[in-house]
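> Give me coordinates for this.
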Amino acid sequence: MQTSSQMVPADGQALVVFYHPASVVGAVIRFNVQHSDGPVGQLTNGAVIRKQINPGTNTFWAQAISQDAIIIQAEVGRTYYVPGDVRMGIYAGRPHFTQVS
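Sure thing, here's the model as predicted:
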């Protein structure tokens, strides 16, 4: 269970919450979320990953067979939610990020 403090940015920071909605489609596909500071974590079916970031331009990416990236213009005190969906390709699942409000 997530507490509300886990969804609040630290002082002077922003927070990005990546989540992979639980689904039968692509359930076994997992991918590693990366940031210029280093690895963020592995996004698996139904997982949630939180990353405190500095304000400004932040790029996140993941790669399975293909790669997808998202750029977040972070503001202090804001929380950004990014679902990490799996799009099925010809040979394997592909990561896909979108930012939601």
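> Which secondary structure elements does the strand or helix carrying Gln42 sit against?
Here Gln42, judged by DSSP states H and E, is contained in strand 38-43. Applying 3 or more C-beta pairs under 8 Å, 6 or more residues apart in numbering; DSSP states H and E, we find strand 38-43 packed against strand 14-19, strand 31-35, strand 48-53. Using the backbone N, CA and C atoms, a C-beta is placed for each residue, glycine as well.
> Least confident of these, on average?
Across the helices and strands packed on strand 38-43, strand 31-35 has the smallest mean pLDDT, namely a mean of 91.
> just for the chain, where's the confidence low?
Across the chain, the ranges flagged by pLDDT under 70 are 1-5, 25-27, 64-65, 87-101.
> give me every residue that touches the residue positioned nearest the centre of it.
Relative to the mean C-alpha position of the chain, the nearest C-alpha, by C-alpha atoms, centre = their mean, is the one of Phe18, at 3.0 Å. With contacts defined as C-beta atoms under 8 Å, 6 or more residues apart in numbering, Phe18 is in contact with 33, 40-41, 43, 48-51, 60, 82-84, 97.
> sorry, back to before: and the helices and strands packed on strand 38-43, which is most packed in?
Sort those by mean neighbour count, taking mean count of other C-beta atoms under 10 Å, and strand 14-19 sits at the top with a mean of 20.
> who does it pair up with?
Take DSSP bridges as the rule and strand 14-19 pairs in its sheet with strand 48-53 (antiparallel), strand 79-88 (parallel).
> between the contacts of Phe18, which is nearest Gln6?
Nearest to Gln6 among the contacts of Phe18 is Arg50, at 6.2 Å by C-beta to C-beta.
> residue contacts, the closest one?
Here Arg50 is in contact with Gln6, Met7, Leu15, Val16, Val17, Phe18 (C-beta under 8 Å, 6+ apart).
> Serialize those residues to CSV and add fields for distance to Ile72.
Shown next, in CSV, are the contacts of Arg50 (distance: C-beta to C-beta, whole Å):
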residue, distance to Ile72
Gln6, 18
Met7, 16
Leu15, 10
Val16, 6
Val17, 11
Phe18, 11
